[in-house]
Structures are given as structure tokens and as C-alpha cells.
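Peer 1: Fold the following for me, if possible:
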Amino acid sequence: MKRSLKSAVELSGIYLVVLIMFAVILYPLVWAFSMSLNPGTSLFALKLIPDNWSLEHYIWLFADPQSNYTLWYKNTLIVAFANGLASVCLVSIIAYVFSRFRFVGRKNSIYTFLLLQMFPVLMGMVAIYLLFNTVNLLDTFTGLILIYVFGGLPMNVFLVKGYLDTIPRDLDESAKMDGAGYLTIFFRILVPLARPIIAV
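Peer 2: Numbering: from 1, shown residues only. I've put the predicted structure just below:
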């Protein structure tokens, strides 16, 4: 009886903490939304729900020809989708290679990935600009996607490799004995088991 009461108290405490954190995170979002309903150009709001609220800002955002919001949003979705797809594919395959294969330069490559994590992409911005200018990738989706994909590659590869290292190699060996190739092992065994880290 005491154990079930203790569990109920612990569960209630966890829910209370989660509820408080939810309120702390939600409050600024609600306040920002209420400020967007204020007519005029003021960013200051005295009340959470304004007395004379208006949708004029949203009408301007979506209906005014001078507002490029829909174009910006479309561009963001294109870049984000392409970046996500390319990152997941590249990171998964590279992490699989580092986790399961032994080859010349493997250790040095892992250390290089660790070293690259210490430097932000902004440090190489001048070099990236000059390189993209040379290959005519300035002001293009391709250039921006390449920066995002390869900028996040070192950290993501290291993260996924660490997860793949926890999956027993016995599964690979069993699949090899059944005649599975490397790609079959990767797609049919490792990818389903690594879904949590791939989702991250």
C-alpha cells in the first residue's frame, strides 16, 4: 500500500513539474500572439487579450502584395526539407561506415570529426563565400542546403555512430551467414533499430 502511494506521489510530482514547465514555455508564446492582435505598430501590450483586437497584421502578412512572407515561408520549407532528407541519408551511411568497418585513416577521420565540432561554421564563412562565388552557388538553394548539410555533418555523424556502436555486431554476423550483403544489413537491420537516433 505504501509503495503504491509513494508511486502515486512521485507521478503527481513529475506531472506537476511538467505542467509548470509547459506553462513557462507557453506563456511567452501566448503573449507574442496577443501582441500580434494589437492594432497599430506598438509592440507593447497591457493585457493578454487586447480589448480591441484586430487581424490587420495577419491580413497584411498574407494578402498584401508587398509582403513576401509566403515566398519566404515556401523557400524555408524547400531548404528545410532538402536539408533534412540529405542530412539523414548522408549521416546514416557515413555513421554506418565508421561504426562497422575498419579501414586506413578511420581513427584520424573520427578525430577530425571531433575537431571540426569545436569550430562553428561561421569561422569559415569567408572561405565558403569565396568557394561558392567560384562555383556560382551564391544566392542559390543548392549553396544554402550544402552549408546546412555539411555544417552539421561532424556532430551528427558522431552522434549516430555512437548509437550504432551500441547495436550488437552479432546481428550483422548472423545476417552475413544468411547471405545478406552490407546494404541489406544496413537497410533491413540497422536502420529499423536506429530509428530513434535517425529521428533525432
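Peer 1: how about the helices in the chain?
Peer 2: Taking DSSP state H to define them, one finds helices in the chain at 2-36, 56-63, 69-100, 106-117, 125-134, 141-165, 170-177, 182-185, 191-193, 195-199.
Peer 1: I'd like the ones you listed written out as a markdown table, with mean neighbour count and distance to Pro50 added.
Peer 2: The C-beta positions use only the backbone N, C-alpha and C, and glycine is treated the same way. Output for the helices of the chain, formatted as a markdown table (neighbours: other CB atoms under 10 Å; distance: least, CB to CB, whole Å):
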| stretch | mean neighbour count | distance to Pro50 |
| --- | --- | --- |
| helix 2-36 | 10 | 6 |
| helix 56-63 | 12 | 12 |
| helix 69-100 | 15 | 22 |
| helix 106-117 | 13 | 46 |
| helix 125-134 | 12 | 42 |
| helix 141-165 | 18 | 38 |
| helix 170-177 | 13 | 59 |
| helix 182-185 | 14 | 59 |
| helix 191-193 | 12 | 50 |
| helix 195-199 | 12 | 39 |
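Peer 1: Out of these, which gets nearest to Leu48?
Peer 2: For Leu48, the closest of the helices of the chain is helix 2-36, at 5.3 Å, according to CB to CB.
Peer 1: For that closest one, give the mean pLDDT please.
Peer 2: For helix 2-36, the mean per-residue pLDDT is 89.
Peer 1: of all the helices of the chain, which lies closest to Ile49?
Peer 2: With CB to CB as the measure, helix 2-36 is the member of those nearest Ile49 (6.0 Å).
Peer 1: what inclination does the closest one have with respect to helix 56-63?
Peer 2: Counting by axes from the mean of the first three to the mean of the last three CA atoms, to 10 degrees, helix 2-36 lies at 80 degrees to helix 56-63.
Peer 1: Any idea how far helix 2-36 is from the middle of the chain?
Peer 2: Centroid displacement of helix 2-36 relative to its chain, using CA atoms, centre = their mean, to the nearest Å, is 25 Å.
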